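> Attaching a predicted model along with its sequence, questions to come.
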Amino acid sequence: MTQTRAVEPWTLEPLQRFVAESAARLALLTTTSGQVIAQHGFTRAVDVMSAAALGAAIAASTSEIIRMLQEPAFRVLAHQGQRHGIFLARFGTPRGAMLALVVYGGDSSIGLVQLFFEQFARDLAAACPAPEPARPVLAADFERDLNESLAALFGR
Amino acid sequence: MSLVNFTTREITCKIVYYGPGRSGKTTNLQYIYGRVPEERRGRMVSLATQTDRTLFFDFLPLELGSISGFKTRFQLYTVPGQVYYNATRKLVLQGSDGVVFVVDSQARQLDENIESMQNLHANLLEQGLDIRTLPVILQYNKQDLPPELILTPAELDEALNFRAWPSLPADAINGHGVFETLKAASEAVLRKLSEERT
């Protein structure tokens, strides 16, 4: 069973179109520090978080090696496995740099993913809304909820 | 940086466990992993050397539950403590919403603690994070060791805590202080998020 969801709803339509057109199995859109913005195909939120953290780590460490070599900034890494390939790309949007982690199988290819990825990046830039003003997030008494949640989490 | 979604009412925050090598950062996460129900946590990802020293980071995603109507998730990371791995420490610090600095309370480790604290200051500065406003919690770990081997929380406060951050004693290997530390860090991170948004 696949799961599709987005923390930033404007990213969802371009992401779904990209996955359909490239015939990818799974795709994650994250910030450069590994926060998930949108997903398609991962089934558990916590697996998504692990994949996002690892993707961000790969991108960050590769960027640093590239910087040492005084090469232009990191854009794409790809790995071709026996059953699955992985495509990891960093790209700019009006909301700042983002990462895309894409997993594809035998019904797609690195070429197909790369081809439609360029369009995906353009679609995202076009769909990006203007930044919203900050809104209050938590109630003044959020500590009570937090204490109850943590106590339940630790069985106390 | 915290990610907040008003449509799905979700918050995701990143907390980094920092400190010198062998101070107990990974032990904190392992204890949390072992205590939290499976449906509320993800896999603990550890990028470690063959001898189980942290090479890049440990990572543990936690679902805290509903806070003020927001489904709240925390991403817990550790950094490699060894001096050699500073490049990877900087990368893990990127985008962090709060830091737990795990201190090795052994008297002979005081210099390593000070060096790691200075390193935290330097790396945060490099990342553009303001240590005066970033939530930081100090955990004085290994307080279960014989008194003649360790410094007391008051002595450690004197040596390391010139910013008067909240500090807690702990014995992470047996779980003492681990929950309290996570609670203090979560509260500080969410309070800052709340203040920033009003």
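Cool, got the structure.

> For the rest of this, base every contact and every neighbour count on C-alpha atoms.
Noted.

> Count the residues that sit near residue 6.
Using chain A. Neighbours of A:A6 under the rule other Cα atoms under 10 Å in any protein chain shown: 20.

> Oops, wrong one, chain B.
Neighbours of B:F6 under the rule other Cα under 10 Å: 12.

> Strands of the chain, start to end?
Just so you know, I chose chain A. A:4-6, A:24-31, A:36-40, A:76-80, A:85-93, A:96-104 (DSSP state E).

> please go with chain B instead
Under DSSP E, chain B gives strands at B:3-5, B:10-18, B:45-48, B:54-67, B:70-78, B:98-104, B:136-141, B:167-169.

> any chance of the ones you listed in a markdown table, plus mean neighbour count, mean pLDDT and distance to A:G55?
As requested, these are arranged in a markdown table below (neighbours: other Cα atoms under 10 Å in any protein chain shown; pLDDT from 0 to 100; distance: least, Cα to Cα, whole Å):
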| stretch | mean neighbour count | mean pLDDT | distance to A:G55 |
| --- | --- | --- | --- |
| strand B:3-5 | 18 | 76 | 17 |
| strand B:10-18 | 24 | 93 | 15 |
| strand B:45-48 | 16 | 83 | 12 |
| strand B:54-67 | 23 | 87 | 12 |
| strand B:70-78 | 23 | 92 | 14 |
| strand B:98-104 | 28 | 98 | 21 |
| strand B:136-141 | 27 | 98 | 26 |
| strand B:167-169 | 20 | 98 | 33 |
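
> Distance to B:G177 for the ones you listed - can I get that in TSV?
Output for the strands of chain B, formatted as TSV (distance: least, Cα to Cα, whole Å):
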stretch	distance to B:G177
strand B:3-5	28
strand B:10-18	14
strand B:45-48	22
strand B:54-67	18
strand B:70-78	16
strand B:98-104	11
strand B:136-141	8
strand B:167-169	6
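
> follow-up on the earlier one: just send the strands of chain A back as CSV, with mean pLDDT and distance to B:V100 too.
Below are those laid out as CSV (pLDDT from 0 to 100; distance: least, Cα to Cα, whole Å):
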stretch, mean pLDDT, distance to B:V100
strand A:4-6, 81, 29
strand A:24-31, 92, 22
strand A:36-40, 90, 23
strand A:76-80, 94, 32
strand A:85-93, 94, 29
strand A:96-104, 93, 27
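
> got these as TSV, with distance to B:V103 columns?
Compiled in TSV, the strands of chain A are given as follows (distance: least, Cα to Cα, whole Å):
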stretch	distance to B:V103
strand A:4-6	38
strand A:24-31	30
strand A:36-40	31
strand A:76-80	37
strand A:85-93	36
strand A:96-104	34
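
> okay if I get the strands of chain B as JSON lines plus distance to chain A?
Below are the strands of chain B laid out as JSON lines (distance: least, Cα to the nearest Cα, whole Å):
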{"stretch": "strand B:3-5", "distance to chain A": "5"}
{"stretch": "strand B:10-18", "distance to chain A": "7"}
{"stretch": "strand B:45-48", "distance to chain A": "7"}
{"stretch": "strand B:54-67", "distance to chain A": "5"}
{"stretch": "strand B:70-78", "distance to chain A": "8"}
{"stretch": "strand B:98-104", "distance to chain A": "14"}
{"stretch": "strand B:136-141", "distance to chain A": "17"}
{"stretch": "strand B:167-169", "distance to chain A": "17"}
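
> hmm, back to that, now render the strands of chain A as a markdown table, adding distance to chain B.
Output for the strands of chain A, formatted as a markdown table (distance: least, Cα to the nearest Cα, whole Å):
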| stretch | distance to chain B |
| --- | --- |
| strand A:4-6 | 8 |
| strand A:24-31 | 9 |
| strand A:36-40 | 8 |
| strand A:76-80 | 18 |
| strand A:85-93 | 15 |
| strand A:96-104 | 13 |
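
> Mind checking those strands for the one nearest to A:F116?
strand A:24-31 (10.2 Å; Cα to Cα).

> Run the angle between the closest one and strand A:36-40 for me.
Interaxial angle of strand A:24-31 relative to strand A:36-40 (axes from the mean of the first three to the mean of the last three Cα atoms, to 10 degrees): 170 degrees.

> buried sites along strand A:24-31?
A:24-31 (16 or more other Cα atoms under 10 Å in any protein chain shown).

> Then stretch B:168-178?
Using 16+ other Cα under 10 Å as the test for burial, stretch B:168-178 gives B:168-173, B:175-178.

> same deal with stretch A:88-102?
By neighbour count with 16+ other Cα under 10 Å, stretch A:88-102 contains the buried residues A:88-91, A:98-102.

> Which strand residues bridge the most centrally placed residue in chain A?
Geometric centre of chain A, nearest residue: A:L29, 2.0 Å, by Cα atoms, centre = their mean. Under the criterion DSSP bridges, A:L29 forms beta bridges with A:A38, A:A100.

> Next one: the closest residue to A:D123 other than its chain neighbours from B:T27, what distance?
Residue nearest to A:D123 in three dimensions, not counting chain neighbours: A:P14, with 6.0 Å by Cα to Cα, 6 or more residues apart in numbering or on different chains. Separation of A:P14 from B:T27 (Cα to Cα, to the nearest Å): 41 Å.

> Kindly report the same for B:V178.
9 Å.

> What count of nearby residues applies to residue 128?
All of this is about chain A. Neighbours of A:C128 using other Cα under 10 Å come to 15.

> could you do chain B instead?
10.
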